[in-house]
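Engineer: the sequence and its predicted three-dimensional model are supplied below.
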Amino acid sequence: MKKKLLISLFLIALFLVLLFFGLKDKEEEIELIFFDVGQGDSIYIEIGETFQVLIDGGPDAKVLEKLSNEMPFYDRDIELIVLTHPDSDHLYGLLEVLRNYNVKRILWTGFKTETADWQEWKELIGEEGSDIILAKSGQKIVLSQESFLEIIHPLEELGEDSNDTSIAGFLKIKEHSILLTGDISGKKEKELLERYNLKADLLKISHHGSKTSSTEEFLEEVSPKKAIISVGVNKWGHPSEEVLKRLENFGIEVLLTKESGDIKFTY
């Protein structure tokens, strides 16, 4: 009888140890998803099951469906949302997120426009009561023990071109480096080349593959293994054949959301 009790206690202890380490591993798992939201950007980061980051929201309410597929129905909190710049293909979906989720922190540039979407954004973030962070080059936003977002753009003055005010930065996940570029132009890429070591494993191509970005010099310096283009059916010819050719010439594997759907990486 005593022997059976000891065996039972041993098995229970073993089960608890395995459960603890299983949960520990699960909590440390980080997912990075480039949502397929059509002609726009939306990037989702989940650390464990309870810490979520959303960078941009795409051009419509589709992001709500994407979030409901990834987050438990009972989790209505998002720890951080980032608005890279207030063009509607990045901003509109975030308006829907603010209406439907509790957002703890908001990172954006403060860039002003006269659009109705921007006016609504200002009203909603005022009502939300979130901690507001104005993005500046050199900031480091800690996400977890093994991940952070390092802001490298905007540099100084925002200027007047909305695309060139975009937040750009390195997402560091464990030993991996992902360069996120918003919609910056080749001019801003050149400025970043003069200030930073831009090497990265994964590159989010700027401005949906527009020919005004992703210069040869920039791609050569970043030298990623893979590049993501967030793009849908559009009238602007995105992604540009010129950009696709440059990527091919450098041997960079290219993934398009309009072809692959949501593009997911697990770390």
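Structural biologist: Nice, thanks for sending it over.

Engineer: from here on, contacts and neighbour counts on C-alpha atoms
Structural biologist: Noted.

Engineer: okay, buried residues for stretch 241-253 please.
Structural biologist: If you call a residue buried by 16 or more other CA atoms under 10 Å, then stretch 241-253 has these buried ones: 243-244, 246-247, 252.

Engineer: stretch 108-122 now?
Structural biologist: For stretch 108-122, using 16+ other CA under 10 Å, the buried residues are 108-111, 117-118, 121.

Engineer: what's the answer for stretch 142-161, then?
Structural biologist: Buried, per 16+ other CA under 10 Å, within stretch 142-161: 143, 147-155, 158.

Engineer: just send these back as TSV, with pLDDT too.
Structural biologist: Converted to TSV, the buried residues of stretch 142-161 look like this (pLDDT from 0 to 100):
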residue	pLDDT
L143	97
S147	97
F148	98
L149	98
E150	98
I151	98
I152	98
H153	98
P154	97
L155	91
L158	92
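
Engineer: any idea how far P239 is from S206?
Structural biologist: According to CA to CA, to the nearest Å, S206 stands 10 Å off from P239.

Engineer: more neighbours: which of these two?
Structural biologist: More crowded of S206 and P239, by other CA atoms under 10 Å: S206, with 26 against 21.

Engineer: residues contacting that one?
Structural biologist: 180-185, 213-214, 229 (CA atoms under 8 Å, 6 or more residues apart in numbering).

Engineer: kindly indicate the member of those residues with the most neighbours.
Structural biologist: Result: D183 is most packed of the contacts of S206 (other CA under 10 Å), 28 neighbours.

Engineer: K225 against E253, yeah?
Structural biologist: Yes - under the criterion of CA atoms under 8 Å, K225 makes contact with E253 at 6.3 Å.

Engineer: what touches both of these two?
Structural biologist: If you check K225 and E253 against CA under 8 Å, 6+ apart, no residue is contacted by both.

Engineer: for the helix or strand I178 falls within, buried residues please.
Structural biologist: Using DSSP states H and E, I178 sits within strand 176-180. Residues of strand 176-180 classed as buried: 177-180 (neighbour count, 16+ other CA under 10 Å).

Engineer: show me what contacts the closest residue in space to S223 that isn't next to it in sequence?
Structural biologist: Residue nearest to S223 in three dimensions, not counting chain neighbours: K199, with 6.2 Å by CA to CA, 6 or more residues apart in numbering. By CA under 8 Å, 6+ apart, the contact set of K199 is 177, 221-224.

Engineer: give me phi/psi at V142?
Structural biologist: phi -80, psi 130 (degrees, to the nearest 10).

Engineer: what do you get for the one 4 residues further on?
Structural biologist: Main-chain torsions, E146, degrees, to the nearest 10: phi -120, psi 20.

Engineer: and what of E29?
Structural biologist: Dihedral angles (degrees, to the nearest 10) for E29: phi -70, psi 130.

Engineer: re earlier: quick check: next helix or strand after the strand holding I178?
Structural biologist: With DSSP H and E, the next secondary element past strand 176-180 is helix 186-193.
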